[in-house]
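Trainee: When you get a sec, could you give me coordinates for this:
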Amino acid sequence: MKITVLETCAYTPRELSDALCEILESDNTETLSNKLANLGGKALVDALELIENDKAIFVPQNHEEATFTKMLEKKKSYIKFELSARRCLNKIRAYNTNPVAKMVIDDVSYDTANNSKP
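Mentor: Just a heads-up that it's a prediction; the model follows:
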């Protein structure tokens, strides 16, 4: 097993088959966050055991292969109905539960969490 060093932190990926996380159509930001938190907790335990047993292999992060995701911005939470239904649904899933996706119909803004005016 390898440990990827991220600046001053260490991350140990579990066996690839154990580290996979199925993303369901019903998943949203909250449910996916919970799934990934569970995987991260298990990976942390594995990393600590490897370090404790002097079996850890430290590999510096390749910054060219690293990815970065920007914070979700509330101003981008409005649904554009000219996009495909899939993209609209994915925006609702991404902006659930905070911030929530919004839509404008007949110049009235609605919030998708409870179908009411924000």
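
Trainee: make it CA atoms for all contacts and neighbour counts henceforth
Mentor: Will do.

Trainee: name the element the residue nearest in space to the middle of the chain belongs to?
Mentor: Nearest to the mean C-alpha position of the chain, counting by Cα atoms, centre = their mean, stands Ser33 at 5.8 Å. Secondary structure from DSSP states H and E places Ser33 in helix 29-52.

Trainee: pLDDT of that helix, averaged?
Mentor: What helix 29-52 shows for mean pLDDT is 84.

Trainee: Where does pLDDT dip in this protein?
Mentor: 1-19, 59, 61, 114-118 (pLDDT under 70).

Trainee: what residue of it is the furthest out?
Mentor: Centroid-distance maximum for the chain: Asp106 at 33.0 Å, with Cα atoms, centre = their mean.

Trainee: got the phi/psi numbers for it?
Mentor: Asp106 has phi and psi values of phi 50, psi 50 when expressed as degrees, to the nearest 10.

Trainee: which residues in the chain form helices?
Mentor: Secondary structure of the chain (DSSP state H): helices at 16-19, 29-52, 85-94.
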